[in-house]
Every structure is written in C-alpha cells, then in structure tokens.
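> Just to be clear, the model below is a prediction. Sequence and coordinates:
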There are 2 protein chains.
Amino acid sequence: MNAQFKKGVLELIVLESVRQKDMYGYELVEEVSKVVDVNEGTIYPLLKRLTNERYFETYLRESTEGPPRKYYHLTVAGILYRDQLEAEWMEFADRVGAFLKEQKER
Amino acid sequence: MNAQFKKGVLELIVLESVRQKDMYGYELVEEVSKVVDVNEGTIYPLLKRLTNERYFETYLRESTEGPPRKYYHLTVAGILYRDQLEAEWMEFADRVGAFLKEQKER
DNA sequence: TATAGTACTTGACATTACCAAGTAGTTGGT
DNA sequence: ACCAACTACTTGGTAATGTCAAGTACTATA
C-alpha cells in the first residue's frame, strides 16, 4: 500500500476508534491495522502528539496479561477535532473520486 | 484543507491529468488546483521526480504568451504506474470510507 | 527459568508538501 | 523605450508525519 496515502488519515482513524470506547496503544495498533497497515512506531508517537494537543486524556489500568495499559479518552476538543477532520476527509475523498471518475468518462 | 491528505494523491492527480493530454507545468498547477489547493513549489518538484523515474518524457515548445513551455508526456511505465496508483487509492479510500461508516452505525 | 506474548518508548531516517524568492520571456499601455 | 502584469520554471529551506529498528519491562505458561 502507498505509505503516503496514510498521512493525516491515521489520525482520523485513531480518533474515531477512541470515540467508540477508551483504548490503549497496543489495542489501537491492532484495531487500526484492520483498516490500514501500521506499526507501533507510528501509533505511539501519534497518541503522544494528540495527547499533547489535548485531544486525548490518559489514565493507567493494570492488566492481568502484561504491564499496565495506558488508556486514551477523547476530550471535548478531541470530539470537535475529529468531526472536523472527518468532514475534511469526506470532502477531499469526494473531490478526488469525482475527478478520477470525470477523467475516465472522457 | 488538511495538507497531509494530499500526500501521494497529488501524484495520482498529476499522472491522470497528463494521461488525458500532454501538459506543461504551469497548466498543471491550474488544472490540479481545480481539484485540490496546490502551488507551484509543489508541482514542479513533483514533475521533476516523476520524470527522473521515467514516468514522464518532456519536450519544449515555444509559446506566444511567454517563455517556452516544458511539456510532459506519460510513458508506458507511467501509464502502468498510474493504473497501479489509482487502484491503490481506490482501495485505500474504500477501506477508510467503510471503516467510518461502520463505526457510525454502532 | 526460558520463551512468548503483551505493552510502551525512542531516535534516526525517508518522503512529500509548503513557502519564499528568484530568473526570465511576452504583451500591452503610456 | 519603459514598466507592469502575466506566463513559466527553478530552487532552497522548512514542516509534518510515517517507518524501521532496537530497547525496556511485565505476565503467563511450559
């Protein structure tokens, strides 16, 4: 898969995943991987960035299956940002799709 | 518009534009701008890169409206690459779209 | 106690888009 | 003849984000 396509979109996928329910990093890697290939070294820095930007709050919970998990919870600002990002993505994808379709019809 | 979304997609838009007919850089900037915001400093280096990779061949033609224009023509390799890139984009956009839709239905 | 699976972190790197500035040819008005 | 505006291309520095690789550490299980 073209690695460049992911730029910016991973952020939306992560935000949308966490919107459904609080998740921890490792879980997110697996969840996001169902949609697009991604590895830990991409997700963890992204989570840190989104947390620094106050779109996520975090808390720790112990696990019976390994070390404690850091859970991410979407803030109000995060919800707004997610909504905006989704709208932008939709518009962008639509525009590109329409362009490709239009060219094809020539 | 989220600048990150464009990564990789501009390449597809440029390839697809030139597939229709040979075009010169300045013309492409205007053509691509109809689909997504973009400026010269993005398009010209992209054209150079795609030419280095043998997806484009170039030739010069004089213009009555300014300096000579460097036209870009898609090579056979360019056509194949374009086809592949389009397929990858379609798949990617579909996957993301399906994910967002699925989440929404929960 | 060794191994596998879970969980997170970090640093060096690659790619690609943006911004700004510069060079240069052509046309049209004064 | 000169200047402004438009056409056309180039380049250098920067920003943003994803990849790779390696490392740390906890838990369960054979």
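Perfect, I can see it now. Numbering: from 1, shown residues only, chains lettered A, B, ... in the order given.
> near DNA strand D, which residues of chain A show up?
Taking Cβ under 7 Å from any atom of the strand as the measure of proximity, chain A contacts DNA strand D at A:3, A:6-11, A:37-42, A:45-46, A:49, A:62-67. Heads up, the C-betas are built off the backbone N, CA and C, glycines and all.
> Against A:Met90, how distant is the spatially most central residue of chain A?
In chain A, the C-alpha nearest the mean C-alpha coordinate belongs to A:Val14, at 2.0 Å (Cα atoms, centre = their mean). For A:Val14, the distance to A:Met90 (Cβ to Cβ, to the nearest Å) stands at 17 Å.
> what does A:Gly78 give?
18 Å.
> Rounded mean pLDDT for stretch A:43-57, please.
Stretch A:43-57 comes out with an average pLDDT of 96.
> and the angle from the longest helix along chain A to helix B:76-104?
Secondary structure of chain A per DSSP state H: the longest helix is helix A:76-104. In terms of direction (axes from the mean of the first three to the mean of the last three Cα atoms, to 10 degrees), helix A:76-104 departs from helix B:76-104 by 140 degrees.
> And helix A:76-104, what does it pack against?
Under the contact criterion of 3 or more Cβ pairs under 8 Å, 6 or more residues apart in numbering or on different chains; DSSP states H and E, helix A:76-104 touches helix A:9-20, helix B:9-20, helix B:76-104.
> Give the buried residues for that helix.
Buried residues in helix A:76-104, counted by 16 or more other Cβ atoms under 10 Å in any protein chain shown: A:Gly78, A:Tyr81, A:Arg82, A:Leu85, A:Glu86, A:Trp89, A:Phe92, A:Ala93, A:Arg95, A:Val96, A:Phe99, A:Leu100.
> Looking at these, which one is closest to B:Tyr72?
In terms of Cβ to Cβ, no member of the buried residues of helix A:76-104 lies closer to B:Tyr72 than A:Phe99, at 17.9 Å.
> what number of residues lie near the residue nearest to that closest one when sequence neighbours are not counted?
Of all residues not flanking A:Phe99 in the chain, B:Val35 sits nearest, at 4.6 Å (Cβ to Cβ, 6 or more residues apart in numbering or on different chains). For B:Val35, the neighbour count with other Cβ atoms under 10 Å in any protein chain shown is 20.
> So B:Val35, which state does it fall into?
coil (DSSP: H, G, I helix; E, B strand; the rest coil).
> before we move on, back to that, reformat the helices and strands packed on helix A:76-104 as JSON lines; add mean pLDDT.
Below are the helices and strands packed on helix A:76-104 laid out as JSON lines (pLDDT from 0 to 100):
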{"stretch": "helix A:9-20", "mean pLDDT": "97"}
{"stretch": "helix B:9-20", "mean pLDDT": "97"}
{"stretch": "helix B:76-104", "mean pLDDT": "95"}
